[in-house]
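Peer 1: Sequence first, predicted coordinates after that:
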Amino acid sequence: MRVLVTGITGFVGSHLAEFLLSKKCEVHGIERWRSDTKNIESFMDKLNIHECDIRDFHSVRKVIDDVKPEKIFHLAAQSFVPTSWNAPSETITTNVIGELNIFEAIREVKINPWIQIACSSEEYGLVHENEVPINENNPLRPLSPYAVSKIAQDLLGYQYNQSYKLNVVRTRTFNHEGPRRGEVFVTSNFAKQIAEIEKKKKPPVIHVGNLEARRDYTDVRDVVRAYWLATEKCIAGEVYVICSGRDWKIKDMLNYLLSLSKVKVEIKQDKSRMRPSDVPLLLGDNTKFSKQTGWKPEIPFEKTLEDTLNYWRERV
Ligand code: A2R
Ligand code: GDD
C-alpha cells in the first residue's frame, strides 16, 4: 500500500508514519526546505520524503503525480489556534488553499485515493452545557480563524465528494496529545515547564492561560489508529467525530501533571496566553465512528500525560 502523509514532520504525522510502517505500507511524506525533522529522525531512512509546500499547486501536483498514492492522510496545517489571530491570512491559505491544491492535483493526475482530512473539534466553537456530548450534528459556531479554516476544509471535503466522487473521509478529532506534541500546546507546554523546573532551569513558576476550559483528550497513538480505520472502514463523503468521551478541565490536567512531580510551584496567569475568544467546552460522542469501525481509545489520558512529561524530562 502506497501512502502519502502531509504534515509527516509534525506531531500526529510522525506517529502516523510509525503506525503505517508497522502495517508494512510504503510511506511517503512531504517536508519543506526548513522543516524540523526531529520527530521522524529515528526512522527517516524508512520513509520517502519529497519537498513540497501545500500552498504551491505546482509542488503539490508534482508529488501526487510522482507518488500516485492509494491513500492520503492530509494532516499538514497551521495548527496552533492563537497563531490564527496573529496570522489569519496565512492560516486560511495554508489550511484551505492547501487542501484545494491536493484535491485539484488528484483530479488532474486522475487518481482516486482514499483521503483522510484532519478536521477539528474547534469547528464547534461555542458549545453550551446542554449541547454535550457533541456529535456530528451539533451546530458549528467557530471562535477563531483556525476554526473557520477547519470548517472550510471539512466542507470542501464534502463538496469534492459530492461533485467529483473523491473518496474523502472527514475526521473531526478532539484534542489529542502525547510525546512529540508541539511545545506551544497546553499539555506539552505545562509538562515542559515542569521538567525545566525539576532541572532548576527555570524558577518554580508555571505560566498558564485559561485554566477553566474543558477538553476531551485522546492519546495520539489511538488517534492515528483511528485515522487508518477511517480510510479502511468509513463511508466516503461522511464526517466522523473522534474523541474519548471524557472531558478534563485544564486546571485538573495541570494538577495531574504536577502530581507526577515533586516540585512545588506557583501558578501564574500570563495575559499573553489568553485568547480573544476561547472555546469553553469540548466533550464529544464517538458513537458513529465506533459503530462504523469498532474503534475505541485504549490508552488512558493519565498515561498520555506521564509519557509527555517523561518525553520532556529527557529533552530539557
Ligand atoms: O512546519 P513544517 O514544515 O515542519 O510542516 C508542518 C506541516 N505544514 C506544511 N507542510 C507543507 N506545506 C505547508 N505550507 C505547511 N504548513 C504546515 O504541517 C508539520 O509537518 C504539520 C503540522 O504539524 P503540527 O503543527 O505538529 O500539527 P499536528 O498537531 O500534528 O496536527 C495535525 C493535524 C492538523 O491538520 C491540525 O489542524 C489537526 O491535525 O488538528
Ligand atoms: N496553548 C496553551 N497554553 N493553551 C492553554 C494554556 C497555555 O498556557 N493555558 C490554558 N490553555 C487552554 C487554551 O486556552 C485552550 O482552552 C486549551 O488550554 C487547549 O489549548 P491547546 O492545547 O493550545 O489546544 P486547542 O484546543 O486550542 O487546539 C488543539 O486541538 C484541536 C482539536 O484537536 C490543536 O491541536 C488544534 O490544531 C486541534 O484542531
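Peer 2: Thanks, I have the structure now. Ligands and ions are numbered 1, 2, ... in the order given.

Peer 1: Which positions within the one helix or strand residue 288 maps to qualify as buried?
Peer 2: In this structure, residue 288 sits in helix 287-293 according to DSSP states H and E. Residues of helix 287-293 classed as buried by neighbour count (16 or more other C-beta atoms under 10 Å): 288-290, 292-293. (Each C-beta comes from the backbone N, C-alpha and C, glycine too.)

Peer 1: Is it possible to get JSON lines of those residues that adds pLDDT and distance to ligand 2?
Peer 2: Putting the buried residues of helix 287-293 into JSON lines (pLDDT from 0 to 100; distance: C-beta to the nearest ligand atom, whole Å) gives the following:
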{"residue": "288", "pLDDT": "98", "distance to ligand 2": "17"}
{"residue": "289", "pLDDT": "99", "distance to ligand 2": "14"}
{"residue": "290", "pLDDT": "98", "distance to ligand 2": "18"}
{"residue": "292", "pLDDT": "98", "distance to ligand 2": "20"}
{"residue": "293", "pLDDT": "98", "distance to ligand 2": "18"}
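
Peer 1: Tell me if the one helix or strand residue 189 maps to is near ligand 2.
Peer 2: Residue 189 is part of helix 186-198, with elements assigned from DSSP H and E. Yes: residues of helix 186-198 are located near ligand 2 by C-beta under 6 Å from any ligand atom, namely 186, 189.

Peer 1: quick check: mean pLDDT across that helix?
Peer 2: Across helix 186-198, the average pLDDT comes to 98.

Peer 1: Residue numbering should commence at 45 henceforth.
Peer 2: Sure, I'll start numbering at 45, so the last one becomes helix 230-242.

Peer 1: what helices or strands is that helix leaning on?
Peer 2: strand 249-252, helix 294-303, helix 345-357 (3 or more C-beta pairs under 8 Å, 6 or more residues apart in numbering; DSSP states H and E).

Peer 1: most neighbours per residue, which of those?
Peer 2: Across the helices and strands packed on helix 230-242, the average number of neighbours (mean count of other C-beta atoms under 10 Å) peaks for helix 345-357, which reaches a mean of 19.

Peer 1: Can you spell out which helices and strands pack onto that helix?
Peer 2: Against helix 345-357 (3+ C-beta pairs under 8 Å, 6+ apart) you get strand 220-221, helix 230-242, strand 262-263, helix 294-303.

Peer 1: and that helix, is it in reach of ligand 1?
Peer 2: No: for helix 345-357 and ligand 1, the contact criterion (C-beta under 6 Å from any ligand atom) is not met; the two come no nearer than 13.0 Å.

Peer 1: residues in contact with that helix?
Peer 2: Outside of helix 345-357, the residues within contact range by C-beta atoms under 8 Å, 6 or more residues apart in numbering are 221-225, 231-232, 235-236, 238-240, 242, 261-264, 288, 290, 292, 297, 300-301, 304-305.

Peer 1: buried subset of these?
Peer 2: Buried among these (16+ other C-beta under 10 Å): 221-225, 231-232, 235-236, 238-240, 242, 261-264, 288, 292, 297, 300-301.

Peer 1: quick one, helices of the stretch 95-244 of the chain?
Peer 2: Along the stretch 95-244 of the chain, counting by DSSP state H, counting those that start in this stretch, helices occupy 101-111, 127-130, 132-136, 142-153, 189-208, 230-242.

Peer 1: Please export the C-alpha coordinates of the first one as CSV.
Peer 2: Just to be clear, that refers to helix 101-111. Only the C-alpha atoms of helix 101-111 are listed here, as CSV (Å, rounded to 0.1, in the frame of the first residue of the first chain):
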residue,chain,number,x,y,z
PHE,A,101,0.0,24.0,-6.6
HIS,A,102,2.9,23.1,-8.8
SER,A,103,4.7,21.4,-5.9
VAL,A,104,1.6,19.5,-4.7
ARG,A,105,0.8,18.3,-8.2
LYS,A,106,4.3,17.0,-8.7
VAL,A,107,4.3,14.9,-5.5
ILE,A,108,0.8,13.5,-6.2
ASP,A,109,2.0,12.6,-9.8
ASP,A,110,5.3,11.1,-8.6
VAL,A,111,3.8,9.1,-5.8
